[in-house]
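Participant: test case, fold it:
(chains A and B)
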Amino acid sequence: MEGAYAVIFYVFSFLSVYVQIFFLVTFLEKRRHIVKNPKNLELLTYPTVTIAVPCYNEAETIGNTIKSLLALDYPKDKLTLLLIDDGSKDNTWKLLQEYDNGTNVRAFHKENGGKHTALNLALEKNTSEFFGCLDSDSLVHDQSLKRIMKYFEKDIRTMAVAPSIVVYDPNNILQSAQKIEYDMAIYTKKMLGFMGGIHVTPGPFSIFRKKVFDELGNYHKAHNTEDQEIALRMQEHGYKIDHCPDAFVYTNTPNSVMKLYRQRLRWIYGFIKNLIDYRRLLFRKKHGAVALFTLPSGIISILGVIFLSVTFVYNFVKFIYTKIIQIQTVGFSSLLQFNYKFDWFFINTKAVLFLTIILYILVITSVLIGRKMSTGKVTFSISIFYFIIIYSVIAPFWMLRAIYNAIISKESSWTFERRVAPKH
Amino acid sequence: MHEHEPNDWKKYVIVLFITSTIFIGGIWISNYFNNKKLDQLKSIEDKISVDLMSSETQFSLLQELSCKDVSTNILSSELNSFAEKISYSENNIGTDNTNVVSLKKYYSLLEIKDYLLMKKIKERCGEKSIFILYFYKNDKCNDCTKQGYVLTSLREKYPNLRVYSFDYNLDLSAIKAMTSIYKVPDSLPALVINGKVYSGFQSVEEIEKTFPELESIKKPEEPAKKATTTTTTKTKVNIPVVTPVIDSVKTN
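Facilitator: You can find the predicted model right below:
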């Protein structure tokens, strides 16, 4: 038992360190290619772009989302907004109609059918060369579109560009912890971009060439994670996906543990189900980094987190059990006898400990690089510890539940998550 | 037709190399500290061995000394802290580690020597000591864990109670000799108290009931710590023959 445990631990920690080192080596190799766009960035040409905004009961937040899109620094005659009401029960549809100007902002209403159906309706109406979407819980930076379009201009092979998602106005510890996670994701995403291994083109403001959909088809339901599925479909066909680190999208994040749990349950569930659907990609070298690196490391992180949590629970239960035995045998007073003297001898020096420390150092390094990429400064924040502690405690729950749900094929709907109104 | 950029195999290999280096580094650091700990254990062991030899010498000189000058607490504190460290190392470094096993064997021998010496002192001087030989095993023995708690708690209560614990499965002829002398069964835990074998778990109450003489060596109401320190100091001051030996060891 002990031996098997040690082997599993070493395998997981080795693979986790491998993944982190891979990112770090990529960073050191490519760091000069992470260009910060100038303030007055200009494009050679301004192609037409359509942004779809699918909404379901988003009356509270939709106004700000649309306003941020209207404020984008991009020629108005080249930018079309398609506001799609997916059968909302509140007054979303009424609000959307107010923005419809008959020219470059259009509102459509349809029966409720899920986010992918709303996006597919937008795709049908789309006539622009580029297509993207913005979730109604997010706001865009006014330079984001231009910065993303620069990537398409620089490389004709680039088929989609993902933005950097930043947590909007974190108000509590949970949101601050998520901010750290998102900052780290800016770094890892850019590295995956360099490697050609991006496996998600996030709902908020990923931009695609229209021909992606013309050639590969529309959005699928994809277990309510259509943004993962389209990226995997593109990867399968060798379409290049890049990431623009300074195209900022500000997103509202769940402000309670339950909301975060539901969101992550959907993400991880979607990841597992899409992985099963696209298992033919795994370890096939012709599919590049997504097949050799991204998907395997996703599997490692899910299994690793579960393994760690099971170990933790096992040790905790064992500890409590021995304490109970002790109390039963010699009474409660035995617990209160502290004749503890500090002796360095009793400091744990197992290899497990050193490897864990190395892994945490690597994770913190990733966070710091991500923060540097998002804010331009390397700033250490106490939130890094919130992130590590909170995620260590609650992530195993959504991961285990997602695996369980994946086995019994129980889906959670995208509309299930209540969205939060941004505060101004 | 779209195609992925060719896979950068070189990078996969370089990263594998770096990761392996880090990994081996982590294991190396761990081994380094574990060896330091084993060294520390060895030096404690040496010290105990010297102390024990001093006690034996002291016992040989007993004819020239009066019994009141002999302390029975010379080694107990060192042996106890040493036992704690060995048991920690078993968890931390591994029960199968050859260094740990040999330290444990040596520790068992020291215990036996201490036991024999103390028994002689008891006979000669009529000390009110009670000895418990405790036989346990590490694997699949929940009662051994419980028995351990009972003995620790008894030792807290009766500082003059001397508990010597032996790993029944340790491959050591001296332990085997003891188990055959006292006819210790392999149903563990087993206790040998004043020469008599008690097999199976014995609670605090049971042991106290069987040995009412424990009451006579009960710890005074004062804090335990104070009591032990004074005895140890007293020992060193009161036995002129032994003191120089111990001191010279310390200065080394």
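Participant: which strands and helices sit next to the top strand by length along chain A?
Facilitator: The strand that spans the most residues within chain A, counting by DSSP state E, is strand A:240-251. Using 3 or more CB pairs under 8 Å, 6 or more residues apart in numbering or on different chains; DSSP states H and E, the elements in contact with strand A:240-251 are strand A:138-140, helix A:144-154, strand A:158-167, helix A:173-195, helix A:226-236, helix A:351-375. For every residue, glycine as well, the C-beta is placed using N, CA and C.
Participant: so what strands line up beside it?
Facilitator: Within its sheet, strand A:240-251 is paired with strand A:138-140 (antiparallel), strand A:158-167 (parallel), according to DSSP bridges.
Participant: please list the residues of the stretch 1-150 of chain B that sit near chain A.
Facilitator: B:1-5, B:7-8, B:11-12, B:14-16, B:18-19, B:22-23, B:26-27, B:29-31, B:33-34, B:37, B:40, B:85, B:88, B:92, B:142, B:145-146, B:149-150 (CB under 8 Å from any CB of the partner chain).
Participant: and these, which are buried?
Facilitator: Neighbour counting by 16 or more other CB atoms under 10 Å in any protein chain shown classes B:4, B:7-8, B:11-12, B:15, B:18-19, B:22-23, B:26-27, B:29-30, B:33-34, B:37, B:85, B:88, B:92, B:145-146, B:149-150 among these as buried.
Participant: give me the pLDDT value at the closest residue to A:F130 other than its chain neighbours.
Facilitator: Closest residue in space to A:F130, ignoring its immediate chain neighbours: A:V49 at 4.4 Å, by CB to CB, 6 or more residues apart in numbering or on different chains. Turning to A:V49, the model gives it a pLDDT of 97.
Participant: cool, A:W267 as well?
Facilitator: In this model, A:W267 carries a pLDDT of 93.
Participant: burial of it, as a residue count?
Facilitator: A:W267 has 17 neighbours, counted by other CB atoms under 10 Å in any protein chain shown.
Participant: for it, give me its contacts.
Facilitator: A:T225 (CB atoms under 8 Å, 6 or more residues apart in numbering or on different chains).
Participant: just how off-centre is the helix or strand hosting it within its chain?
Facilitator: Element membership for A:W267, per DSSP states H and E: helix A:257-277. Centroid separation between helix A:257-277 and its chain, computed with CA atoms, centre = their mean, to the nearest Å, is 11 Å.
Participant: kindly report the same for stretch A:150-167.
Facilitator: That offset, for stretch A:150-167, works out to 16 Å (CA atoms, centre = their mean).
Participant: show me which positions of that stretch end up buried.
Facilitator: A:150-152, A:158-167.
Participant: could you do stretch B:154-167 as well?
Facilitator: B:154-167.
Participant: nearest to chain A, of those residues?
Facilitator: The closest of the buried residues of stretch B:154-167 to chain A turns out to be B:E156 (CB to the nearest CB; 6.6 Å).
Participant: can I get the helix or strand where the closest one lies as PDB, trimmed to CA atoms?
Facilitator: B:E156 belongs to helix B:142-157 when assigned by DSSP H and E. C-alpha atoms of helix B:142-157 as PDB (Å, rounded to 0.1, in the frame of the first residue of the first chain):
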ATOM      1  CA  ASN B 142      -3.900  -2.400  16.600                       C
ATOM      2  CA  ASP B 143      -3.600  -3.600  20.200                       C
ATOM      3  CA  CYS B 144       0.100  -2.800  20.000                       C
ATOM      4  CA  THR B 145      -0.700   0.800  19.300                       C
ATOM      5  CA  LYS B 146      -3.100   0.900  22.200                       C
ATOM      6  CA  GLN B 147      -0.600  -0.900  24.500                       C
ATOM      7  CA  GLY B 148       1.900   1.800  23.500                       C
ATOM      8  CA  TYR B 149      -0.500   4.500  24.700                       C
ATOM      9  CA  VAL B 150      -1.100   2.700  28.000                       C
ATOM     10  CA  LEU B 151       2.700   2.300  28.600                       C
ATOM     11  CA  THR B 152       3.400   6.000  27.800                       C
ATOM     12  CA  SER B 153       0.700   7.000  30.100                       C
ATOM     13  CA  LEU B 154       1.900   4.700  32.900                       C
ATOM     14  CA  ARG B 155       5.400   6.100  32.500                       C
ATOM     15  CA  GLU B 156       4.100   9.600  32.900                       C
ATOM     16  CA  LYS B 157       2.400   8.600  36.100                       C
END
